[in-house]
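S.K.: Kindly generate the corresponding structure for this input.
(chains A and B)
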Amino acid sequence: MAIRILFLGPLRDLAGCEEMTAAAPLDWAGLLKLVGQDVAEVLAGDRIHLACGGRVLANKTELSAQDGDEVALLPPVSGG
Amino acid sequence: MRDIRLLTEMFVPGALIGPFTNAHPGLGGVCTFVGEVRGDAEVAALELTHYEPLTLGGMHQLADRAEERFDLLGLLMVHRIGLLRVGEPIVCVSAAALHRRDAIDAVDCCMDHLKSAAWFWKREKRSDGWHWIEPRDEDHRDLARWG
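M.R.: Okay, here's the model as predicted:
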């Protein structure tokens, strides 16, 4: 088992892929290191939300992903 | 009844609205809104992506709020995901109620939330490639009407 990281919407263009995997556990600092500089820069801003295990984190810097978790990087929505 | 769905293939709104209406004998009114991909010479296609754990759950939470706020007999909320062409239906919201105001306002409220606060990401294919879209200021103003 590992952690699955998903790049939603326009973030997949910036990341150059739709998803990647990471070894557990994964925290905020680990995520920033893993996603590359371009994504890390926008991720650190306040427009990107983070979901872990299907729930949006109120404070993304408190990320604490465990084995089997899915972490989703959520850019501003377009709406339907 | 509540019918909340994400669909990956083209749908015919009438095929949903008919059974939905019939499921509420004694209703006083049904209000339905159907949104379609707008005709635009520049736009060849539209692609909607979502995040399953949040998108469908978010639509159910929106339905919870609409049912609390308005006196409804039923609520249908169907949204497309995937690749869409001009003229294809993208969203259908229908509300059944004893009185028209509840039905009309519930649809209006749900649509304003879906347009700017739902977990969808949308991009348009134009002659020079794909372009991501964000809600317009007007969409945010519409949403703010509901407090």
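
S.K.: Would you enumerate the residues in contact with the residue of chain A found nearest chain B?
M.R.: Residue of chain A nearest chain B, by Cβ to the nearest Cβ: residue A:9 (3.0 Å). All C-beta atoms are positioned from the backbone trio N, CA, C, and that covers glycine. Applying Cβ atoms under 8 Å, 6 or more residues apart in numbering or on different chains, we find residue A:9 in contact with A:74-75, A:77-78, B:49, B:121, B:123, B:132.

S.K.: which one of these is nearest residue B:109?
M.R.: The closest of these to residue B:109 turns out to be residue A:77 (Cβ to Cβ; 17.6 Å).

S.K.: Next SSE downstream of the helix or strand that contains residue B:61?
M.R.: Per DSSP states H and E: residue B:61 is located in helix B:52-69. Later in the chain than helix B:52-69, the nearest helix or strand by DSSP H and E is strand B:74-80.

S.K.: what angle do that following strand and helix B:52-69 make?
M.R.: Relative orientation of strand B:74-80 with respect to helix B:52-69: 150 degrees, computed using axes from the mean of the first three to the mean of the last three Cα atoms, to 10 degrees.

S.K.: and the next helix-or-strand element following strand B:74-80, which strands flank it?
M.R.: Downstream of strand B:74-80, the first helix or strand assigned by DSSP H and E is strand B:82-84. Using DSSP bridges, strand B:82-84 pairs in its sheet with strand B:45-50 (antiparallel).

S.K.: and the strand it pairs with, which residues are buried?
M.R.: B:46, B:48-50 (16 or more other Cβ atoms under 10 Å in any protein chain shown).

S.K.: Which residue does chain B have closest to chain A?
M.R.: residue B:121 (3.0 Å).

S.K.: what sits against residue B:2?
M.R.: B:63, B:67, B:74-76.

S.K.: 10 Å - rerun?
M.R.: B:60, B:63-64, B:66-67, B:72, B:74-77 (Cβ atoms under 10 Å, 6 or more residues apart in numbering or on different chains).

S.K.: go on, residue B:71?
M.R.: Counted by Cβ under 10 Å, 6+ apart, residue B:71 has contacts B:97-99, B:101-103, B:106.

S.K.: change it to 7 Å
M.R.: B:97-98, B:102 (Cβ atoms under 7 Å, 6 or more residues apart in numbering or on different chains).

S.K.: now residue B:91
M.R.: Residue B:91 makes contacts with A:80, B:35, B:78-80, B:114, as judged by Cβ under 7 Å, 6+ apart.

S.K.: pLDDT score for the residue positioned nearest the centre of chain B?
M.R.: When Cα atoms, centre = their mean is applied to chain B, the residue found nearest the centroid is residue B:91 (4.0 Å). If you check residue B:91, the pLDDT there is 98.

S.K.: Mind telling me what element residue A:30 is part of?
M.R.: With DSSP H and E as the test, residue A:30 turns up in helix A:28-34.

S.K.: what sits up against that helix?
M.R.: Outside helix A:28-34, the residues that touch it by Cβ under 7 Å, 6+ apart are A:22, A:40, A:43-44, A:60-61, A:63, A:71.

S.K.: Adding distance to chain B, write these out as JSON lines.
M.R.: JSON lines is the format used below for the contacts of helix A:28-34 (distance: Cβ to the nearest Cβ, whole Å):
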{"residue": "A:22", "distance to chain B": "18"}
{"residue": "A:40", "distance to chain B": "20"}
{"residue": "A:43", "distance to chain B": "16"}
{"residue": "A:44", "distance to chain B": "20"}
{"residue": "A:60", "distance to chain B": "14"}
{"residue": "A:61", "distance to chain B": "20"}
{"residue": "A:63", "distance to chain B": "16"}
{"residue": "A:71", "distance to chain B": "11"}
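
S.K.: Please consider this matter closed, and thank you.
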